[in-house]
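K.L.:
Build me a model:
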Amino acid sequence: MTKTAMFKGRAQCLVIRGNRILMVKHKHKGEEWYCTPGGAIEEGETPEQTALRELKEECNVSGKILKKTSEYVDPFNNSNYFYTFHVDIGDQIPSLGYDPEFGIENAILIEVRWMALNEISEVDRVHLWASGLLSIVAFWDEVLKWERELSYPSLRKK
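P.N.:
Residues are numbered from 1 along each chain as shown. Next comes the predicted model:
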């Protein structure tokens, strides 16, 4: 009998249209942020199953995994991993779903939208790079056009 692998952590989707990324805005405990559709891996699920389930729950669309773009250790728990998959949704139109963990009446998801990199905060972009955004040709091509000047939030002129 083959032992089934146990996965712990989070899985998410990179859904791309042109040069835009499907992002979900969260609002929780006074904080707001954008991230890709995704969430906790439930017992018995693979990371791939989790990513597609979360996409359906949060954005009301079904997807097909094209490739895994990243896998890395959770910085706060070495027994968890973060998995990201490049996912195609065809011509479906995403709409705001909900996070079953919080329910509809305690909704933390407040927006679903397509965003270009220059519309996403630096903090939220960091997570996209860690998720393997450079493995998507359109974003690799965009980075190749950037300058090599030093840019860091604390170095900006006030």
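K.L.:
Okay, the spatially most central residue of the chain and Leu155: tell me how far apart.
P.N.:
Taking Cα atoms, centre = their mean, the centroid of the chain lies closest to Thr36, which sits 2.4 Å from it. Distance of Thr36 to Leu155, computed by Cβ to Cβ, to the nearest Å: 28 Å. Just so you know, the C-beta spots here come from the backbone N, C-alpha and C atoms, and that holds for glycine as well.
K.L.:
hey, where'd the helices end up in the protein?
P.N.:
47-59, 122-130, 137-144 (DSSP state H).
K.L.:
Can you tell me which of those helices is nearest to Gly90?
P.N.:
helix 47-59 (12.5 Å; Cβ to Cβ).
K.L.:
And the contacts of that closest one?
P.N.:
Contacts of helix 47-59 with the rest of the structure, by Cβ atoms under 8 Å, 6 or more residues apart in numbering, involve 7, 9-13, 15, 22, 24, 37-42, 45, 61-63, 65, 71, 81, 83-85, 87, 89, 94-100, 109, 112.
K.L.:
Of these, which belong to strands?
P.N.:
Judged by DSSP state E, strands contain the following of these: 9-13, 15, 22, 24, 38-40, 65, 71, 81, 83-85, 87, 109, 112.
K.L.:
re earlier: let me have the helices of the chain in TSV, extended by mean pLDDT and mean neighbour count.
P.N.:
Below are those laid out as TSV (pLDDT from 0 to 100; neighbours: other Cβ atoms under 10 Å):
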stretch	mean pLDDT	mean neighbour count
helix 47-59	97	22
helix 122-130	91	14
helix 137-144	91	12
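K.L.:
Relative to Phe76, which of those helices is closest?
P.N.:
helix 122-130 (13.9 Å).
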